[in-house]
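Peer 1: Pasted the sequence and its predicted model underneath.
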Amino acid sequence: MNEIVNFFSTTGIAQINMSYVTMIIIGLFFIFLGISKNYEPLLLVPIGFGIVLGNLPGTYGVYFQNSVMNLLYFGVTAGIYPPLIFLGLGAMTDFSTLIANPKLILLGAAAQFGIFATFIGSLLLGFTVLEAGAIGIIGGADGPTSIFLSSQLAPHLVGPIAIAAYSYMALVPVIQPPIIKLLTTPNERKIRMKTPRLVSKREKIIFPVVSAIVTILIAPGASALLGMLFFGNLLKESGVTERLAKSARTALIDIVTIVLGLTVGASTQADVFLRIDSVKIFGLGAFSFCIATATGIIFAKLMNLGLKEKINPMIGASGVSAVPDSARVVHHVGQEYDKNNYLLMHAMAPNVAGVIGSAVAAGVLLGILGN
């Protein structure tokens, strides 16, 4: 009997409590959303399973020194995985619409207002300056950038920040349509935009090189993210490195997404995650995402005051970095009012501009707060 009792005491069953059960239920809910509702399954399924795995008591998790999960989690804390995600993202991104209509980059910049609004809100809720900087980047709706910045400024908040960022990215189809409809009129939603001009191969090759130089000079702190993003795009557009581009946008980004999602999920152990600060971060994340969506739309409406050829203000909502879901949402909302209005290609311009904008904002925050 003593042997049986001793064995039972070593099992996770003997160590489990309601806090672990709560987190396991949250993990299962993420898996449900990914599989049943098809909300960003490539993100939510690994993260959800990671949450379950990280909250099975008695396991050697990410906080157990030199365990397998701890070694894999090093890629998160050291900021290795996010730049690799950006490399793959660059290799699959077409900047043609943005190059053809460069004024739309302003919509991507306007949507980043949510980052700085959240930064101020975080300070008001009692977070330190470094923590506020890390939390603020959730407003860009960019999971890899959120992980990268929080790993540099507030490593102890990587889990809650990453979960909040990816949660709101997955809920783009739920969150954005009501805000879009609230801030636009039916006539504005029916605005058709002119088909963008064809962009030459030379322009596509020059764009990532020039953009990398300009953006990194503005925000050197984001050189790892921006450099990889534009390098991946150069591999795609050069025409001579297709094998490398294909590897970056398929095998590499898939492997990193699996490991990143799993380890970030596993980092949300109940004793670390179930705190009042996590609740505050989730609230701030929702606030920032709504602000970012709203400011993009409002800025598009302001731009129309000085434009002869009006832009559909709904595309301002795609200025957040949730690529390509935010652009798809704008397109679907537009087709509710005009089935022959194709906004996807136009919305992709501020969408990819938002990716650049959130990375630049992260670099600015890291440059100011990281010193």
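Peer 2: Yep, that arrived. As the structure is a computational prediction, the values presented were derived from the model and not from experiment. Residues are numbered from 1 along each chain as shown.
Peer 1: which regions of the protein lie under the pLDDT threshold?
Peer 2: In the predicted model of the chain, residues 5, 7-10, 12, 371 satisfy pLDDT under 70.
Peer 1: how much space is there between the most centrally placed residue in it and L225?
Peer 2: In the chain, the centroid-proximal residue (CA atoms, centre = their mean) is D142; its distance is 1.9 Å. Taking CB to CB, to the nearest Å as the measure, D142 falls 9 Å from L225. Placement of C-beta: from N, CA and C, glycine included.
Peer 1: Next, show the common contact partners of these two.
Peer 2: Applying CB atoms under 8 Å, 6 or more residues apart in numbering, one finds that D142 and L225 are jointly contacted by A359.
Peer 1: The residue lying closest to K103 once chain neighbours are set aside: which element?
Peer 2: Leaving aside its sequence neighbours, K103 sits nearest to M303 (CB to CB, 6 or more residues apart in numbering; 7.4 Å). Under the criterion of DSSP states H and E, M303 resides in helix 276-304.
Peer 1: how about the helices in the stretch 151-300 of the chain?
Peer 2: Along the stretch 151-300 of the chain, the stretches classed as helices by DSSP state H, counting those that start in this stretch are 158-170, 172-183, 186-189, 201-218, 223-238, 242-247, 253-266, 270-273, 276-304.
Peer 1: Nearest to M1 among those helices would be which one?
Peer 2: Closest approach to M1 among those is made by helix 270-273 (31.0 Å; CB to CB).
Peer 1: Quick one: list the elements packing against that closest one.
Peer 2: helix 18-35, helix 158-170 (3 or more CB pairs under 8 Å, 6 or more residues apart in numbering; DSSP states H and E).
Peer 1: Most tightly packed of these?
Peer 2: By mean neighbour count, with neighbours taken as mean count of other CB atoms under 10 Å, helix 158-170 ranks first of the helices and strands packed on helix 270-273 at a mean of 26.
Peer 1: so how far is that helix off the chain centroid?
Peer 2: On the basis of CA atoms, centre = their mean, to the nearest Å, helix 158-170 sits 8 Å off its chain's mean C-alpha point.
Peer 1: Skipping its backbone neighbours, what lies nearest A362 in space?
Peer 2: Closest to A362 by CB to CB, 6+ apart is L149, at 4.5 Å.
Peer 1: That neighbour and L307: what is the separation?
Peer 2: According to CB to CB, L149 and L307 sit 34 Å apart.
Peer 1: Between these two, which is the more surrounded one?
Peer 2: When L149 and L307 are compared for neighbours, L149 comes out ahead with 35 against 10, by other CB atoms under 10 Å.
Peer 1: buried set for the helix holding M303?
Peer 2: For helix 276-304, burial by neighbour count (16 or more other CB atoms under 10 Å) applies to 277-278, 280-282, 284-301, 303-304.
Peer 1: That helix - contacts with which helices or strands?
Peer 2: Helix 276-304 packs on helix 105-110, helix 113-124, helix 129-136, helix 158-170, helix 172-183, going by 3+ CB pairs under 8 Å, 6+ apart.
Peer 1: and the ones you listed as a markdown table, adding distance to L344?
Peer 2: Converted to a markdown table, these look like this (distance: least, CB to CB, whole Å):
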| stretch | distance to L344 |
| --- | --- |
| helix 105-110 | 15 |
| helix 113-124 | 23 |
| helix 129-136 | 29 |
| helix 158-170 | 18 |
| helix 172-183 | 14 |
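Peer 1: Indicate which one of those is closest to K201.
Peer 2: helix 105-110 (21.0 Å).
Peer 1: Which residues does that closest one contact?
Peer 2: 98, 295-296, 298-300, 303, 315-316, 318-319, 349-357.
Peer 1: how about 10 Å then?
Peer 2: Outside helix 105-110, the residues that touch it by CB atoms under 10 Å, 6 or more residues apart in numbering are 98-99, 140, 292, 294-300, 302-303, 311, 313, 315-321, 347, 349-358, 360-361.
Peer 1: and these, which are buried?
Peer 2: 98-99, 140, 292, 294-300, 303, 311, 313, 315-321, 347, 349-358, 360-361.
Peer 1: Filter the residues you listed down to the ones in helices?
Peer 2: In this view, the buried ones among the contacts of helix 105-110 that belong to helices under DSSP state H are 98-99, 292, 294-300, 303, 347, 349-358, 360-361.
Peer 1: quick revisit: from A141, how far out is the residue nearest to A362?
Peer 2: Taking CB to CB, one finds L149 at 13 Å from A141.
Peer 1: tell me, what's touching these two both at once?
Peer 2: Joint contacts of L149 and A141 (CB under 10 Å, 6+ apart) are I115, S358.
Peer 1: what about V323, which helix or strand?
Peer 2: Using DSSP H and E, V323 falls outside every helix and strand.
Peer 1: Next up, phi/psi of it, please.
Peer 2: phi -100, psi 130 (degrees, to the nearest 10).
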